[in-house]
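Participant: what follows is a predicted structure for the sequence shown.
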Amino acid sequence: MDEISTGLDSSTTFQIVKVLRDLCHFQEATMLISLLQPAPETYNLFDDVLVLSEGSSVYHGPIEGVMPFFGMLGFQIQGRKDIPTFLQEVTSRKDQKQFWARQERWSFVPVSRMSDAFKASQWGQQSTDHLAQPYDRSKSHEDALVHTRYALSGFQAFKANLFREITLVKRNAFVYIFKTAQAGIVAIITATLYLRTHIHDHTLQDGTLIQGFLFFSLLVMLFNGIAEMTFSIEKLPVFFKHRDNLFYPAWTSVVPTTILRLPYSLLEATLWSVLTYFEVGLSLNAGRFFAYLCILFLMHNCFVNFFRAVGSICRNIIVANALGSFAMLCVLMLGGFVISAGYIHRGWKWFCWIDPLFYAQRAIIVNEFTDARWVEQPSPIPGYPNLGVAVMQSRSFPTQRWWCWLGMAVLIFFALFFQTIVILAHMFLSSGGRGQVIVSEESLMEREAARKGGNLSFRSRRSRSSRGSFAASRKNISQSQLSVRPEASQKHLDASSKTMAEPAMGNGTSIPEGKGVEGLDADGAMEGMDGQEAAGMVLPFQPSAVTFRGMNYFVPCPPAMPDGPQVKDVGGKRELQLLNDINGCFSPGILSCLMGVSGAGKTTLMDVLACRKTGGRIEGEVLVNGHPQEAATFARISGYVEQFDVHSPQTTVHEALMFSARCRLSREHDNDTVLHFVEEVENLVELMPLRDALVGAPGVNGLSVEQRKRLTIAVELVANPAIVFMDEPTSGLDARAAAVVMRTVRNIVNTGRTMVSTIHQPSIDIFEAFDELLLLKRGGRVIYCGPLGTNSVEMVKYFETIPNVPPHKEGVNPATWMLEISTPGQEKRIGVDFSDHYEKSNQYRRYSERIDRFSQPKEGSSPISFKDKYPLSFYGQYTTCLRKFIITNWRAPEFNAVRYLVTVLIALVFGTVFYKYGQDTSSQASLFNAVGALYASTLFLGIVNSISVQPTIAGERGVYYREQPAGYYAVFPWYLALATTQYMYIAVQGVLYVCIVYFMCGFALNAGKFFWFLLYLLLTLCIFTFYGVMAVFLTPNLGVSTVLSSSFYAIFNVFAGFAINPPSIPGWWIWYYWIDPVAHTIYGLVASQLADENDRFLNYNGQNISVPEYLRQHFGYHHSYIGYAVLVLAGFVILFMAVGATALKTLKFLKR
């Protein structure tokens, strides 16, 4: 079991490990558990301990022998250290010296010497002897080892996965209901668009319209499967974990999903058929209706499996979207409708025979046009026996009835084929490997020295250059920028709190006795005990105290929750109370700790105090330096270190810090001041060796968990806050990494800042690095609030005065003891409500007096306020964000490189498929192919952009949700910078695409027409890109945005003027044609290329008419409209940008 205690408090961890120990002993099981920061009580539950360092085994044996072994090497526990912390620090070069117990001078003992000493020790010899003895199988039970690969049979595993999949579908019912509702809405729109009262069966034009409807029906089934890529990729991490741990065979996970997609495919196909078949006026024949329904069902299921296969193979949403969109484009273009099968070049004929849409299109066309109502009508074109054959042959479709059954059979084959690919991908493809983290050169040399011994000759970038350059530059920075911080007199610090003369944890730096926050030199730095400059801040800030009274917080009560003490009836509405009348005070230079069992309300209280809550109802009063808290500008003086480390993966450590500093520091500071201040913070949090390392994605690459946590702290420190809130800064870290983080935190406090931190399971030394404690119990009530005291004596003394409370034992972690004695079970056992006892205690009265004292504003003081909500101007925010977006996009090859690669591939495919068709207007079919070339070349590339941009924007929104509430920037400059970056890449993409497609398709060699083509394409790409951005900001997650977008792609398509020409659109829908951006794109492209070719003629219904006249009659296109089309398209770009920015500003999907 790997790190099972992450996110749990020490009491809960103790109970879990105790149960595991009993299970291990009673069932004679074998268990190996790794823990990050175990409390001594939890550590003592184990039988054996394995100590690893730098890849070598330092000790492996009973826990009773570990301290005697290290005692032989000359090491003993010193001070308040516990054994788990000792074991993680004794092998470190930086920490080993403090445990040296011999009188001779300490010399670093490397890991290799420890490992050799263990092998020569009695414990090492016992381990070697035990391993040298051959295993006696006769002593083991015949069932001791399993003889099958999986615990369950294939059928049992299949049933288990089927039930789990049913449960997941039920719990994700909103998405499927949303998809079904969308399908119904699109069906109703389509039915009224092709209404039978408007379309008949008498002419070739009627047949062409019915062909367009049948093509669009298949297109809707295809589009409705796109979301499966996202759903499949989201499930892969859990599947790979199950597969690698041999939970079940891969097919038992894939097949249930396939089975449950069958009824959904049938539902969508039935819904579409019922709502459209009779309304449009297709053949009134039961057999043909069910054939139509069956084709749509098989088409939907085939492409559901197709997109699942793409997701399973790619395993990355950005790559999958690009590859899936490209494949979808080829499938649609060569399906037999966009370009007639008879006009497809010989080099692409082979693809038609492996295209499922090619068979589905033929099957559904033959099913309709071989009906008697078409066969009995005479052909308007000589040479064809009837109208049905004429309609089918006009687009090179076959006329034999058996094509209907062949199409169904081929769709079944492809569905099974794609399903097989999904199974094979799940069986054999890996999850992408384990995450790779950044290790600095300094760390590597330290590890090598720790393993082998020897001296370190490496000097970090900071020691080589930064410190000297900074010291020199300080003389050149104006005195106003490096002025002494506003005084915070010693009276401002509570006399009852622990003195700040205690050494900073781990680095030996302290504030000299009696100085407090005033102990600062003229340059704003502190003098450490060693006489050297302590790592500190160089910019002025105003120390601030936060006091709060009567804090209550309510959220809507879940309907299923029964009545209880936390459930309140307010105005007829049931509310759940998470915080209950909490009072407290956080003062400058004091490190305050928020603790309690899981669910006690620690993070909730911090969110309320930091003005981060987005919902619920808050009661109470919060004061800053005695003045009411101003929520609008509180972020200017505060920092919030969140539990989850969310950063832009493509930035380096230094760039992330510089971005935070530029956005959040006052504009009066010049670039040199900001730069050197950031370098000071980098040194303070020990990130200088990693300043040029990419942050990377968590668990994939980049920084380790501990490095990422220090970066999260640093991005808040560079804002120069007076108040810092931290939510579980040591979660997910081992004891030594937690000590590094807490040493950083202690250094920050020593600069006179107010710091508050929640923490789950601290070791003794980490817990006692805090000055004050605010302890909560379930229900959000206070158990204790006050100083810890040296060695936690004040807190322990308070609890030991409560009757029947077991006394604290020597060596027991005070944090663990405190949580264990204050559980609800202990309250019930001793008959004491700890919250009620605290409210009646002298400690409560003393602390209330302290709150009163800090709640009084100083004479002559005024509330901390700012003229502007954000430090930078609108333009400054825009340029700073733009600089960041340019860097992050340049370093995102999986998005932009793939986008450009797909663009080139699509351009080459279009160019070869429509080779020299752009100017072929000799017949109605050839002109239709030219229009199809213009239609497909823009529409589908736009869809590719929209699909591929959504995962990237969803990731950026996660970073935005951290940065914007922290006061980095306003919504609109951030969005404008994002849009500007997209414009840059779209411009390159558009030029690249047009230069290939325009000339290969044989459009007119005319500069004016070329630039019209380029302009329309660029505007269309912008429309689809910002539509994709808007869809993300309008929806709570990527899955819902994908579902929403797929329906609009279909609607954009049906009203574009290609599947149904504009004059044939009913009057009640013609208004939508004019608000369809794709319709204006097609209009502008066709009109600019062909509507002025008055010397070109074609045969139309037996007459030779000019191409412009045909376009006016059949499409309603006029050459004079091309300029207006540009204005309309530009308006759509602005509209989608405005809606997206407004949605980002008003819709908050991150609930706190």
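Facilitator: Cool, the structure landed.
Participant: so what are the sheet partners of the longest strand seen in the chain and their directions?
Facilitator: As assigned by DSSP state E, the longest strand anywhere in the chain is strand 573-586. The strands beside strand 573-586 in its sheet (DSSP bridges) come out as strand 546-556 (antiparallel), strand 567-570 (antiparallel).
Participant: list the buried residues in it.
Facilitator: Under the neighbour-count criterion of 16 or more other C-beta atoms under 10 Å, strand 573-586 has 575, 576, 577, 578, 579, 580, 581, 582, 583, 584, 585, 586 buried. Backbone N, C-alpha and C define where each C-beta goes, glycine included.
Participant: residue 250 reaches residue 429, doesn't it?
Facilitator: No - judged on C-beta atoms under 8 Å, residue 250 makes no contact with residue 429 at a distance of 9.9 Å.
Participant: those two: which has the busier surroundings?
Facilitator: The neighbour comparison of residue 250 against residue 429 (other C-beta atoms under 10 Å) goes to residue 250, with 19 against 15.
Participant: could you list every residue that touches the more buried one?
Facilitator: Residues near residue 250 by C-beta atoms under 8 Å, 6 or more residues apart in numbering: 239, 243, 423, 426, 427.
Participant: what's the closest of the residues you listed to residue 913?
Facilitator: residue 423 (32.5 Å; C-beta to C-beta).
Participant: what number of residues lie near the closest one?
Facilitator: Each residue near residue 423 was counted by other C-beta under 10 Å, and the total is 20.
Participant: and it, how close does it get to residue 1139?
Facilitator: Distance from residue 423 to residue 1139, counting by C-beta to C-beta, to the nearest Å: 42 Å.
Participant: please apply the same query to residue 360.
Facilitator: Counting by C-beta to C-beta, the gap from residue 360 to residue 1139 is 35 Å.
Participant: neighbour-wise, which of these two wins?
Facilitator: Each of residue 360 and residue 1139 has its neighbours counted (other C-beta under 10 Å); residue 360 has more, 29 against 17.
Participant: in terms of helices and strands, where is that one?
Facilitator: Using DSSP states H and E, residue 360 maps to helix 356-369.
Participant: neighbours of residue 598, just the number please.
Facilitator: Going by other C-beta under 10 Å, the residues that sit close to residue 598 add up to 12.
Participant: wait, isn't it in contact with residue 11?
Facilitator: No - Residue 598 is beyond contact range of residue 11, at 9.2 Å (criterion: C-beta under 8 Å).
Participant: show me which residues of the helix holding residue 360 are buried.
Facilitator: By neighbour count on 16+ other C-beta under 10 Å, the buried set for helix 356-369 is 356-369.
Participant: would you mind measuring from residue 414 to residue 175?
Facilitator: Applying C-beta to C-beta to residue 414 and residue 175 gives a distance of 25 Å.
Participant: and these two? Which one has more around it.
Facilitator: The residue with more neighbours, out of residue 414 and residue 175, is residue 414; 23 against 16, by other C-beta under 10 Å.
Participant: helices and strands around the helix holding residue 360, which ones?
Facilitator: If contacts are counted by 3 or more C-beta pairs under 8 Å, 6 or more residues apart in numbering; DSSP states H and E, helix 356-369 sits against helix 204-223, helix 286-314, helix 317-333, helix 387-394, helix 402-428.
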